[in-house]
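# Provide a 3D model corresponding to the input given below.
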Amino acid sequence: MPGPGPHLMYAIASSLAFTSLTNGRFSPHHTFVYTVNAFFGPDIGSFSEWLGSVLGSSAQSLGSALADYVHDSLYYTLILGLPLCVFYSWLSKLFLERKILDSVSGVPLSRRQCLMLLSAGSLSHFFLDHLFEENGHSSMYTWILSTGWWSSRAPVNPDAVLVTGFLCICLIGGFIYINRVKPLNSIRQQTNQSLKLIMAVACSYCMWCASQIYWVNPRRPAVGEEADFGVLLFLCTFFFLPHCLCIMSMNSKEEQLPN
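Have a look, this model is predicted:
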């Protein structure tokens, strides 16, 4: 699976992009909490297991049990989210008071912000793990591929062409209409409407794929040989959701200090 380098570089690079685009509303404090949890967060159980092996058999058993539960994109947040968000919020305040880490707003991270960043870091950690561990045979990657059609050459079903074509036209046409020249709405309203359009089309697309894979008997290829259902759910959960959590954790404009 990916080591420290890829996890750290992916998280820090994403954070720097947020910092640049938001003019500091996504502060170095956000970057620190997000990066630590994207790199070390869910692997804290593995570290505890190693530390337990040094201390003794009973400590190793405890560390092994912790590793089994914590190395999970959901259980990590459920089990350690509350104590860690309190710790990171306190640490953010300490960094400001001791002038260790800069923040444009001058305000430490709240527990709510830390919890969102912790969750985002955990999901980003598994974005890399699921793709690049166990020699490409992880359970998640295997499931993604299982939503495709690999037994033989996929037949071209006219209804699949019509449905996917219609949804793609709706997505492109709707985006052009929302962002047309001389729009009636503000940029923020256009963005919100575009996001709603994407979510509506994505949900419809996933429902179509799921119906062909799991509900129709015998199973039919939803979109040729492509594993679109698994790919969309994976990207939504482990790529777009953590970035949305990072955006939601940003400091408000009212907290932003003038340069």
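
# wait, Gln190 touches Ile176, no?
No: counting by Cβ atoms under 8 Å, Gln190 stays clear of Ile176, with 11.5 Å between them. C-beta: built from backbone N, CA, C; applies to glycine.

# who has more neighbours, these two?
Under the neighbour definition other Cβ atoms under 10 Å, Gln190 and Ile176 were set side by side, and Gln190 has more, 16 against 9.

# how close does that one sit to Leu197?
Distance, Gln190 to Leu197, by Cβ to Cβ, to the nearest Å: 10 Å.

# now list whatever residues contact both of these two.
Ile178 (Cβ atoms under 8 Å, 6 or more residues apart in numbering).

# so where is this protein shaky, pLDDT-wise?
For the chain, the stretches flagged by pLDDT under 70 are 1, 45-67, 182-185, 254-259.

# can you give me the helices for it?
Residue ranges of the helices in the chain, as given by DSSP state H, are 4-21, 28-39, 44-55, 57-70, 75-97, 111-132, 139-146, 158-178, 187-210, 228-235, 241-248.

# JSON lines for the ones you listed, including distance to Ser103?
JSON lines is the format used below for the helices of the chain (distance: least, Cβ to Cβ, whole Å):
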{"stretch": "helix 4-21", "distance to Ser103": "11"}
{"stretch": "helix 28-39", "distance to Ser103": "5"}
{"stretch": "helix 44-55", "distance to Ser103": "25"}
{"stretch": "helix 57-70", "distance to Ser103": "29"}
{"stretch": "helix 75-97", "distance to Ser103": "6"}
{"stretch": "helix 111-132", "distance to Ser103": "12"}
{"stretch": "helix 139-146", "distance to Ser103": "36"}
{"stretch": "helix 158-178", "distance to Ser103": "35"}
{"stretch": "helix 187-210", "distance to Ser103": "25"}
{"stretch": "helix 228-235", "distance to Ser103": "31"}
{"stretch": "helix 241-248", "distance to Ser103": "16"}
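
# ok, which of those helices comes nearest Arg220?
helix 158-178 (7.7 Å; Cβ to Cβ).
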